[in-house]
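Novice: fold the following.
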Amino acid sequence: MQTVVLIPEPEWRQIVHRLDQLEQAARATAPAAEPAGQFLNVRQAAAHLGMKPDGLRKARRAGRIQGVRLNEKEWGFRPAELTRYQNRYNRYPATTERQAA
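Specialist: Below you'll find the model as predicted:
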């Protein structure tokens with residue numbers, strides 16, 4: 001059995017208007033999505049992090065960073081995942097110098 005709720009039209013319009021406002025606010029505050037298919041290969045990702053490709057491969061095998069298999073031999077890394085790894089394990093790009101405390 002289905003339940004039916006009767007709502008006066010003015011109240012219905014208010015509800016729809018509030019829903020539209022919430023959707024617009026959610027779109028305005030949502031982070032920009034990265035383009036699909038944007039991956040860096042191992043060498044590019046290692047250069048981005050300022051480390052050697054072997055170190056990046058070792059980190060992926062240890063589960064510290066997630067990679068995506070591009071083909072049978074090559075792995076790819078999302079820029080957002082590289083930033084997460086960099087922030088979590090205090091890795092700085094080669095161009096950024098650490099400030100002495």
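
Novice: distance check, the most centrally placed residue in the chain against residue 1.
Specialist: Closest to where the C-alpha atoms of the chain average out (C-alpha atoms, centre = their mean) is residue 80, at 4.6 Å. Noted for residue 80: a distance of 48 Å to residue 1, by C-beta to C-beta, to the nearest Å. For every residue, glycine as well, the C-beta is placed using N, CA and C.

Novice: can you check residue 17 too?
Specialist: Counting by C-beta to C-beta - residue 17 and residue 1 are separated by 31 Å.

Novice: quick one: which of these two has more around it?
Specialist: residue 17 (10 against 2; other C-beta atoms under 10 Å).

Novice: longest helix in this structure, please.
Specialist: helix 9-29 (DSSP state H).

Novice: following it, which helix or strand shows up next?
Specialist: strand 40-41 (DSSP states H and E).

Novice: who are the packing partners of that next one?
Specialist: With contacts taken as 3 or more C-beta pairs under 8 Å, 6 or more residues apart in numbering; DSSP states H and E, strand 40-41 sits against strand 75-77.
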